[in-house]
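Chemist: below is the structure, and that's it, no one-letter string:
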């Protein structure tokens, strides 16, 4: 059994690795690979269908959670593709990235190119990273390490804490005139001291003042620094960089 588990991890799972890291595998292909893995584990190559004594979902859990640490092919495929998305939004300098940026615009993943003119690879990449409610699972785990505030959006992005201000303070967001602005556009430097300059549609009501005070407390936790660019970080890993295992 131990030998078969090792072979599943090092051979059966590794053989399609190149294709899984580049293309979105059809669901039927993932099921076929899982079927091969399951038959090999329980039947040792027997022609008759073997009995699966434990569900495959349980076997794919980490060993600490009672599983065997076998990779779930479908999730593994999504994580490998998400690494390309991470490379697109990171500071990596490559010619392929410049080509994608010139066509699609990589800053927030909002492409102005009609879907029918997008490549199948790009469509699959966006689909797996944006799958889910709202902004998608990938973007929910991406935050900003604030520098001068040249890239992170004040209300819409996570740049201090674990949730963006738009979600934390929906009432104040509806009153703000700083929608879509970068952090550096919501303040000024006065003799080497950073001062916030939020703009509002009207004066706040008395019951809204505690919200504004709470917002100011969250803003004070961030340190805006001159001449330092903002950098995106992966919140699921202590290093701040995306890894397939952390996805």
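Modeler: Sure, I can see it. Please read these numbers as outputs of a predicted model, since none were measured by experiment. Numbering: from 1, shown residues only.
Chemist: just the helices from this protein, written as ranges.
Modeler: Using DSSP state H, the helices of the chain run over 2-7, 17-20, 27-43, 56-59, 73-89, 95-104, 120-130, 137-140, 165-168, 170-175, 209-220.
Chemist: quick one: contacts for residue 179?
Modeler: For residue 179, the contacting residues are 155, 156, 173, by Cβ atoms under 8 Å, 6 or more residues apart in numbering. Using the backbone N, CA and C atoms, a C-beta is placed for each residue, glycine as well.
Chemist: what is the burial count for the closest residue to the last one other than its chain neighbours?
Modeler: Going back to what we said before, that points to residue 173. With sequence-adjacent residues excluded and distances taken as Cβ to Cβ, 6 or more residues apart in numbering, residue 173 is closest to residue 166, at 4.9 Å. Residues lying near residue 166 (other Cβ atoms under 10 Å) number 18.
Chemist: residue 166 and residue 155 touch, don't they?
Modeler: Yes: when contacts are counted by Cβ atoms under 8 Å, residue 166 is listed as touching residue 155 (4.5 Å).
Chemist: which residues do the two both contact?
Modeler: Joint contacts of residue 166 and residue 155 (Cβ under 8 Å, 6+ apart) are residue 173.
Chemist: show me the domain layout of the protein.
Modeler: 2-73, 78-134, 143-231 (automatic domain parsing).
Chemist: gap between the longest one and the chain center?
Modeler: Centroid separation between domain 143-231 and its chain, computed with Cα atoms, centre = their mean, to the nearest Å, is 22 Å.
Chemist: give the rounded mean pLDDT of that domain.
Modeler: Domain 143-231 carries an average pLDDT of 91.
Chemist: which residues touch residue 121?
Modeler: 22, 23.
Chemist: ok, the closest residue to residue 245 other than its chain neighbours - how many residues close by?
Modeler: Spatial nearest neighbour of residue 245, excluding adjacent residues (Cβ to Cβ, 6+ apart): residue 79 at 7.9 Å. Residue 79 has 21 neighbouring residues, counting by other Cβ under 10 Å.
Chemist: next up, the contacts around residue 24.
Modeler: Counting by Cβ under 8 Å, 6+ apart, residue 24 has contacts 77, 81, 124, 125, 127, 128.
Chemist: spatially nearest residue to the last one (excluding sequence neighbours)?
Modeler: In other words, residue 128. residue 78 is the one closest to residue 128 (Cβ to Cβ, 6+ apart), at 4.8 Å.
Chemist: confidence score at that neighbour?
Modeler: Predicted confidence (pLDDT) for residue 78: 92.
Chemist: separation between it and residue 127?
Modeler: Residue 78 is 10 Å from residue 127, where distance means Cβ to Cβ, to the nearest Å.
Chemist: grab the most central residue of the protein for me.
Modeler: Centroid check for the chain by Cα atoms, centre = their mean gives residue 138 as the closest residue, at 2.4 Å.
Chemist: that residue contacts residue 129, doesn't it?
Modeler: Yes: between residue 138 and residue 129 there is a contact at 4.0 Å, judged by Cβ under 8 Å.
Chemist: need the overlap of contacts for the two.
Modeler: By Cβ under 8 Å, 6+ apart, the residues touching both residue 138 and residue 129 are 82, 85.
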